[in-house]
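S.K.: Only the shape, not the letters, is given here:
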């Protein structure tokens, strides 16, 4: 089935899937932490919009709940928490630049191709309309990992981690119409708790190595040279 | 009859280009709380320049004298193959979008050569910058065009516009990416903010102005006119490829008039968007242009990928 034969709502879901992949790429290229968190918030909102659309198309009312939860937590609460942490840790002027932005972007594009290749057999065996987007969700997971690998600031790592969670949630929405409500609620609160715990962690890391640059963690030693 | 229409369309294209430039200027003036000059000011400027005698710098060779004509002619030829108000005209049928990119490259090559020909520091600097920008912008533009070609199964502009028109409103993720990429490339290629500032003669930030600094009289008029046509070319490309509704698909008078009105409206709206973006963004440092165009290229690649991943027909076993 090509895109012309789908209804407008289904096309909109695929369009939003494309935009979610774009936000992942924007996060890869963003060197200011405040903006990184803003793009992350945009990704959360897009994800909520996709879920709400899927709820309309598939007539699955419980997806509305997960859409609202997603919007509230990943679109608003967690970005605000991270934003406040960044300001309190005085990191809002710190540039966390990537060494070779072009190479990282091409690596990201390669990851998208890879996830398409991997998800091809899954897509071939199903008639679900939204399943085309499963490659995108896998790509969002891998791009989140790439974000964590390329950055040095601990806050960026947390954003990468949360974006991996976004990818998994997206995969659940497009492939199985969302997880059971209990699991979803559990994951949502886990993520919220994780954000709080990471906040405490940041202060711990800063207290012990006086920076949030994780490169310095490898230089810790018991004995002063 | 159709050839006459094609020539008429090209003439309309050339004649309307200064109007679009002055409309854009008017929007920018409004946004900056300035009083705008009359909408016909560019025509007066061109006429004034055309009457003046061009001055040839001492070491200039024939390239310097020939460049304005080649730049203007290649831009007019490019304008001839882009459907403005009607598709299926014979000029649009004989050439595709790769030829269009070729015409741009031809004009640019001679402009760059002319910039270096006179041997001033500014000319060389402008030429080198122009080549840097265009060598990054061209692949990004081709990527965006290939994304379009994959959906429409053709690189011919008129057939592609017909295809998009006939399939109606389809929300294609790949078109959104291609549109983004093409907008970024258009801004870079026509020398607008944030890549270049068309209104400045500030020495160290110029790209386009640095190359044509030694031109005067009717040669300057030709070059200015060509750059106005180029701005309109990109505007028409974006408007007609992604939003082709209203364009004339047959050659009856009502359809043609409707086509002209539609493209005028679309260009006016596009100019508002461009004017707003110019008011909101500051000019970037020249060394950040590669990041900007790298992003345009990435959008093109994402467009191709999302066409394959999200839009292509799936085969069931």
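M.R.: The structure has been received and is ready for your questions. Quick caveat: nothing in here was measured; it's all calculated off a predicted structure. Numbering: from 1, shown residues only, chains lettered A, B, ... in the order given.

S.K.: Can you give me the neighbour number for the residue in the stretch 51-200 of chain B that chain A sits nearest to?
M.R.: Across the stretch 51-200 of chain B, no residue is closer to chain A than residue B:173, which sits at 3.0 Å (CB to the nearest CB). C-beta here means a position set from N, CA and C on the backbone, and glycine is covered the same way. Using other CB atoms under 10 Å in any protein chain shown, residue B:173 has 29 other residues around it.

S.K.: Could I get the contacting residues of it?
M.R.: A:14, A:15, A:17, A:18, A:19, B:303, B:306, B:307, B:310, B:311 (CB atoms under 8 Å, 6 or more residues apart in numbering or on different chains).

S.K.: Can you check the pLDDT for it?
M.R.: Listed pLDDT for residue B:173 reads 90.

S.K.: Leaving out chain neighbours, which residue sits closest to it?
M.R.: Using CB to CB, 6 or more residues apart in numbering or on different chains and skipping the chain neighbours, the partner closest in space to residue B:173 is residue A:18 (3.0 Å).

S.K.: So the one you found sits against residue B:178, correct?
M.R.: No - with contact defined as CB atoms under 8 Å, residue A:18 and residue B:178 do not form a contacting pair (11.2 Å).

S.K.: quick revisit: same list (the contacts of residue B:173) but as a markdown table, adding neighbour count.
M.R.: Output for the contacts of residue B:173, formatted as a markdown table (neighbours: other CB atoms under 10 Å in any protein chain shown):
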| residue | neighbour count |
| --- | --- |
| A:14 | 26 |
| A:15 | 24 |
| A:17 | 29 |
| A:18 | 26 |
| A:19 | 20 |
| B:303 | 28 |
| B:306 | 31 |
| B:307 | 24 |
| B:310 | 24 |
| B:311 | 23 |
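
S.K.: what does chain A put close to chain B?
M.R.: A:1-4, A:8, A:11-12, A:14-15, A:17-19, A:21-22, A:25, A:29, A:101-102, A:105, A:109, A:112-113, A:116, A:123-125, A:127, A:132-133, A:135-136 (CB under 8 Å from any CB of the partner chain).

S.K.: Identify those among these that sit within helices.
M.R.: Counting by DSSP state H, the part of those found in helices is A:8, A:11-12, A:14-15, A:17-19, A:21-22, A:25, A:29, A:101-102, A:105, A:109, A:112-113, A:116, A:123-124, A:135-136.

S.K.: what's the pLDDT at residue A:186?
M.R.: At residue A:186, the predicted lDDT confidence score is 86.

S.K.: Kindly report the same for residue B:208.
M.R.: Predicted confidence (pLDDT) for residue B:208: 87.

S.K.: Assign residue 72 to one of the three secondary structure states.
M.R.: Since no chain was named, I'll use chain A. helix (DSSP: H, G, I helix; E, B strand; the rest coil).

S.K.: Not quite, go with chain B.
M.R.: helix.

S.K.: Alongside chain A, which residues does chain B contribute?
M.R.: Near chain A, when you scan chain B using CB under 8 Å from any CB, you find B:167, B:169-174, B:176-177, B:291, B:294-295, B:298-299, B:301-302, B:305-306, B:308-317.

S.K.: Among the residues you listed, which are located in helices?
M.R.: B:167, B:173-174, B:176-177, B:291, B:294-295, B:298-299, B:301-302, B:305-306.

S.K.: Show the contacting residues for residue A:113.
M.R.: Residues near residue A:113 by CB under 8 Å, 6+ apart: residue B:305.

S.K.: What is the burial count for residue 5?
M.R.: This is for chain A. Other residues close to residue A:5 by other CB under 10 Å number 11.

S.K.: ah, I was thinking of chain B
M.R.: 17.

S.K.: Counting residues, which helix of chain B comes out longest?
M.R.: Longest helix in chain B by number of residues (criterion: DSSP H): helix B:121-152.

S.K.: Quick check: buried residues in that helix?
M.R.: Burial within helix B:121-152, assessed by neighbour count using 16 or more other CB atoms under 10 Å in any protein chain shown, is assigned to B:122-130, B:132-134, B:136-138, B:140-152.

S.K.: Could you do stretch A:92-99 as well?
M.R.: Result for stretch A:92-99 [16+ other CB under 10 Å]: buried residues A:94, A:96, A:98.

S.K.: Now render those residues as CSV, adding distance to residue A:212, secondary structure and pLDDT.
M.R.: Listed next are those as CSV, based on distance: CB to CB, whole Å; DSSP: H, G, I helix; E, B strand; the rest coil; pLDDT from 0 to 100:
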residue, distance to residue A:212, secondary structure, pLDDT
A:94, 8, coil, 80
A:96, 9, coil, 77
A:98, 17, coil, 80
